[in-house]
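Peer 1: need coordinates for the following:
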Amino acid sequence: MRYQLLALDVDGTLLDSAHVLRARVIAAVRAASDAGLHVSLATGKLLPSVRPMLDALGINGPQITLNGAATIDSATDAVHRFCPLSEGERQEVIAAVRATDPAILVSHFTVDGIYVDRAHPLLGVFAEYGEGPPHQVADLLAPGLPPAAKILLSGPPARLAAIRAALAPRFEGRLTVTT
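Peer 2: Here you go, the predicted structure:
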């Protein structure tokens, strides 16, 4: 059997623990592409955040972004597939998280941006992982935001685990909760 697609994770796979794309990784990915494999990234990141990596690796075409919620062509920006949360689900998740632990950083990821509604000491996490700065809005619970691909929580691991334990059963069968 001849493989046709090589889908690669980004953080901790292509990028090392310091978020560096090493020359030997670039060479290996380019060799796979030169051998005829279509290479795509499969990442939780936004497409604009991985464009420099795509350029360095010399790949283009469909990319799996936002933890699989969107497949976007990096050459044309055409969205091939997008599976957003419904507006009701989005609001329910944010309200439930805030009721469980109001101090956690809640961010709303769309196809092309990140939205937050509060200043938070962990806002630097986006830059640390190569994402652009988030858009500040008045209220994440307000209607009218672009559709959410995912809601990302940032905070101390023990508190995030407690939120997961409290809320995952509520969303079981409807939404995917990942860590």
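
Peer 1: okay, and for the chain, where does confidence drop off?
Peer 2: The model of the chain has pLDDT under 70 over residues 1.

Peer 1: which residues in it form strands?
Peer 2: Taking DSSP state E to define them, one finds strands in the chain at 5-8, 38-41, 62-65, 70-73, 79-82, 105-109, 114-116, 135-136, 150-154.

Peer 1: for the chain, which segments count as helices?
Peer 2: Using DSSP state H, the helices of the chain run over 23-34, 47-57, 87-100, 125-128, 157-171.

Peer 1: to A138, which of those lies closest?
Peer 2: If you check each of the helices of the chain against A138 by Cβ to Cβ, helix 87-100 wins as the nearest, at 13.6 Å. For every residue, glycine as well, the C-beta is placed using N, CA and C.

Peer 1: pull out the buried residues from that closest one.
Peer 2: Counting neighbours by 16 or more other Cβ atoms under 10 Å, one finds that the buried residues in helix 87-100 are R90, Q91, E92, V93, I94, V97.

Peer 1: which residue is the nearest non-sequential neighbour of the spatially most central residue of the chain?
Peer 2: Nearest to the mean C-alpha position of the chain, counting by Cα atoms, centre = their mean, stands G44 at 2.7 Å. Once flanking residues are discounted, G44 sits nearest to N67: 4.5 Å by Cβ to Cβ, 6 or more residues apart in numbering.

Peer 1: redo the strands of the chain as TSV? Include distance to A18.
Peer 2: As requested, those are exported to TSV (distance: least, Cβ to Cβ, whole Å):
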stretch	distance to A18
strand 5-8	18
strand 38-41	19
strand 62-65	22
strand 70-73	27
strand 79-82	32
strand 105-109	23
strand 114-116	22
strand 135-136	27
strand 150-154	19
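
Peer 1: please tabulate those strands in CSV, including the columns distance to A32 and mean neighbour count.
Peer 2: Supplementary listing: the strands of the chain in CSV, determined by distance: least, Cβ to Cβ, whole Å; neighbours: other Cβ atoms under 10 Å:
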stretch, distance to A32, mean neighbour count
strand 5-8, 5, 14
strand 38-41, 6, 19
strand 62-65, 15, 23
strand 70-73, 19, 20
strand 79-82, 22, 13
strand 105-109, 29, 24
strand 114-116, 31, 19
strand 135-136, 36, 13
strand 150-154, 28, 19
